[in-house]
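Novice: return a 3D structure for these sequence lines:
(2 chains)
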Amino acid sequence: MRLNDAVLGVILLLFAAAVIVHAQTSFPGLPGQDYGPAFFPTVIGSGLALCGIIFVIQGVARLREVPLVRLGSWASSSRHVANLLVVLGALLFYILLSDILGFFITSTVLLTGLLVQFRNRFLPSLGMAVAATFVVHFFFYKMLLVPLPWGFLEPFAW
Amino acid sequence: MDVFITALGLVFDPYVLMVIFLSAVFGLFVGSIPGLTATMATALLVPVTFFMEPVPAIAAIGTAVAMAIFAGDIPGALLRIPGTPASAAYVDEAYTLTQKGQAERALGTSLVCAAFGGLFGIVVLTTSAPALAEFALNFSSFEYFWLACLGLTCAAVISTEAPVRGLVSLLIGLFISTIGIGIVGGYPRFTFNITELLGGVSFIPAMIGMFAVSEILRYATQTGERPVIPQQPIRNLFKGLGPILWRYKVNMVRGSVIGTGIGALPGAGADIAAWIAYAISKKSSKEPEKFGTGHVEGLVDSGSANNAGLGGAWVPAIVFGIPGDSVTAIVIGVLFMKGMNPGPTVFLYEPQLIYAVFIAFFLANIALIPLGFIAIRSARQVLRIPRRALMPLILIFCIVGAFAINNTVFGVIIMLILGVLAWIMEENHIPVAPAILGIVLGPLLEDNFLTSMIKSEGSLLGFFERPISAVLGVMTLAAWLLPLVLWLLRKRRSAGASAAP
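Specialist: This next block holds a predicted model:
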């Protein structure tokens, strides 16, 4: 997704304004000192605003040649759009459900889904997902002692 | 001498040697697969090294990166796709050699030059670091502020195509570094009452997101054909190599010197070293017309340079705690998380750790020859591993890695957000590396600035009162003004050109 520099610049300006306003209005000053918690964020915000202005100037100058938003070639291919959504969905799925379903189920479902979406056949995908889940679990849970969630499988934990 | 023997003991420990060997294999594998970069190798290794002692942890990362930078040459020569950006400079040259049936020669040269350059960089690191560290012991917050500034400036302004885009990336990184309870007055900034954010944006999940998840997103949206793997057999890698290397011995040393020097510059890494070494090689060659037609001379220069750059990049990282590229930035971030403050005092209090790391790097570069040989021999099998099967596995590894640092799913959320951010940034040609340097150096920059301001009682002139501080300050300001001057010159020249038809 390629944005025209003018659009990027406006986004940067809005973000910079939010940072500066938030820092200036809600961060407390330090008694007897000029430079408090708000100083550094304000400098960063000002820098971003400056970059935003440069982007807007450059972008407007080339507005005729460069459209405001140009989607990559993937955007017109439904398979690639689905790829993107499935990757993002897989991460959200893990974030939302891993504590309930536990690592084994979440990881197996997530891997199978992704592998199938990336055009691997179903049965090999399932096999690989199960194998990879066990290997990752053994490595992180048993060897590195990372408490991966068991979810409702807690009674069967090993 | 005692220190050296203690250091040897730290490295020649079965566990450490095993870690070095495994990370070497991992680095070679990741580097050989196009689309998986050396930085990504680091990002994936970090959650594992997080659970190790400092010496094996740094040795693992250093080894994996050295291996990955070499292994990037393999798909470069065989498929004309650089395995890592550091091989991009000479990928056409190497591929032309393959087309002429000389893949063995291209890869053999790459391998030996990589090991030579790598060893050269490590020797420079080993000899220069202790002396520099002694010098750096006199540094106060003023000097550290300027060093951090200089590092960030180079990263943002000099080493990227468009300085403004590098600057945006840097500022985004610096902003991310301000989130959480600040060093100043302990006030929570930009946390919006989210408890997990009080400690700041967790560095390892952030880095996995920016370097690994973004890569998976790019793969998912990549349209285009899969490359065909050539069926050229590779048997005698080292046949006839001796005379070639002897003929270009000067190039090997020159490439290594350039590589180490550029690597040591903050912000410029192995990939830029390779481009510059290749250009200089062509310029000073007796047969520049042969460049681009499958000529090994440029390969010698740039193949040595990119591996030498790694040794160079460790110099500012180990001596000052100011990283020279994204890989060392990641290492510095990890050391901070482990409560170790990298910098010259490590040489005073724990020199055996530093020497152990140097010895481990040395070993890794020697091991590059046999292991690289095996990697080249098995390249055709490795290149056949489909990425459609690999990418999901990398994703689950990222998830578990991001989770493992604080054992909360919040790490995965950070990874997701920053992964998407990095993907959007790269789609819009905003480089990601300056952002990671910003995240690592942000707290250092702010802390040293505020400490200095308290010392000088609010006078900005304090930053120029000490001699070294003044020199560093002038260098930083020059680095800021340089792009502006260049831009004005170019404008004047183009105005002159259009005025005189």
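Novice: which of the helices or strands spans residue 104?
Specialist: Answering for chain A, as no chain was given. When secondary structure is defined by DSSP states H and E, A:F104 falls within helix A:78-117.
Novice: wait, I meant chain B there
Specialist: Using DSSP H and E, B:E104 sits within helix B:103-136.
Novice: for that helix, name the packing helices and strands.
Specialist: Helix B:103-136 makes packing contacts with helix B:54-71, helix B:73-79, helix B:91-99, helix B:241-247, helix B:249-264, helix B:296-320, helix B:345-349, helix B:351-377 when contacts are defined by 3 or more C-beta pairs under 8 Å, 6 or more residues apart in numbering or on different chains; DSSP states H and E. Yep, even glycine has a C-beta here, placed from its N, CA and C like the rest.
Novice: make TSV from these and add mean neighbour count and mean pLDDT to it.
Specialist: Formatted as TSV, the entries for these read as follows, by neighbours: other C-beta atoms under 10 Å in any protein chain shown; pLDDT from 0 to 100:
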stretch	mean neighbour count	mean pLDDT
helix B:54-71	28	90
helix B:73-79	28	86
helix B:91-99	21	86
helix B:241-247	13	84
helix B:249-264	24	90
helix B:296-320	31	89
helix B:345-349	14	83
helix B:351-377	21	90
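Novice: so which of those gets nearest chain A?
Specialist: Shortest distance between chain A and the helices and strands packed on helix B:103-136, using C-beta to the nearest C-beta, is found for helix B:54-71: 12.9 Å.
Novice: from the chain's centroid, how far away is that closest one?
Specialist: Relative to the centre of its chain, helix B:54-71 is centred 11 Å away, using C-alpha atoms, centre = their mean, to the nearest Å.
Novice: and the helix or strand that the helix holding B:E104 is followed by, what does it pack against?
Specialist: Using DSSP H and E, the next helix or strand after helix B:103-136 towards the C-terminus is helix B:141-153. Helix B:141-153 sits against helix B:296-320, helix B:433-455, helix B:467-499, with contacts defined as 3+ C-beta pairs under 8 Å, 6+ apart.
Novice: take these and write them to TSV, including distance to B:G242.
Specialist: TSV is the format used below for these (distance: least, C-beta to C-beta, whole Å):
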stretch	distance to B:G242
helix B:296-320	13
helix B:433-455	38
helix B:467-499	43
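Novice: which of these sits closest to B:K282?
Specialist: B:K282 lies closest to helix B:296-320 among those, at 6.1 Å (C-beta to C-beta).
Novice: now do that closest one and helix B:351-377, the angle between them.
Specialist: Note on geometry: by axes from the mean of the first three to the mean of the last three C-alpha atoms, to 10 degrees, helix B:296-320 and helix B:351-377 are set 150 degrees apart in direction.
Novice: next one: helix B:296-320 to chain centre, how far?
Specialist: Helix B:296-320 has its average C-alpha position 10 Å from the chain's average C-alpha position, going by C-alpha atoms, centre = their mean.
Novice: now swap in stretch B:92-99 and tell me
Specialist: 26 Å.
Novice: just how off-centre is the helix holding B:E104 within its chain?
Specialist: That offset, for helix B:103-136, works out to 14 Å (C-alpha atoms, centre = their mean).
Novice: give me the buried positions along that helix.
Specialist: Of the residues in helix B:103-136, those buried under the neighbour-count criterion (16 or more other C-beta atoms under 10 Å in any protein chain shown) are B:103-126, B:128-130, B:132-133, B:136.
Novice: and if you look at stretch B:450-468?
Specialist: For stretch B:450-468, the buried set under the neighbour-count rule, 16+ other C-beta under 10 Å, comprises B:L450, B:T451, B:S452, B:M453, B:G462, B:F463, B:R466, B:I468.
Novice: measure the last one to B:T476 for me?
Specialist: Think B:I468. Distance, B:I468 to B:T476, using C-beta to C-beta, to the nearest Å: 13 Å.
Novice: quick one on the thing from earlier: need the helices and strands packed on helix B:141-153 in a markdown table with distance to chain A, can you?
Specialist: Listed next are these as a markdown table, based on distance: least, C-beta to the nearest C-beta, whole Å:
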| stretch | distance to chain A |
| --- | --- |
| helix B:296-320 | 21 |
| helix B:433-455 | 5 |
| helix B:467-499 | 11 |
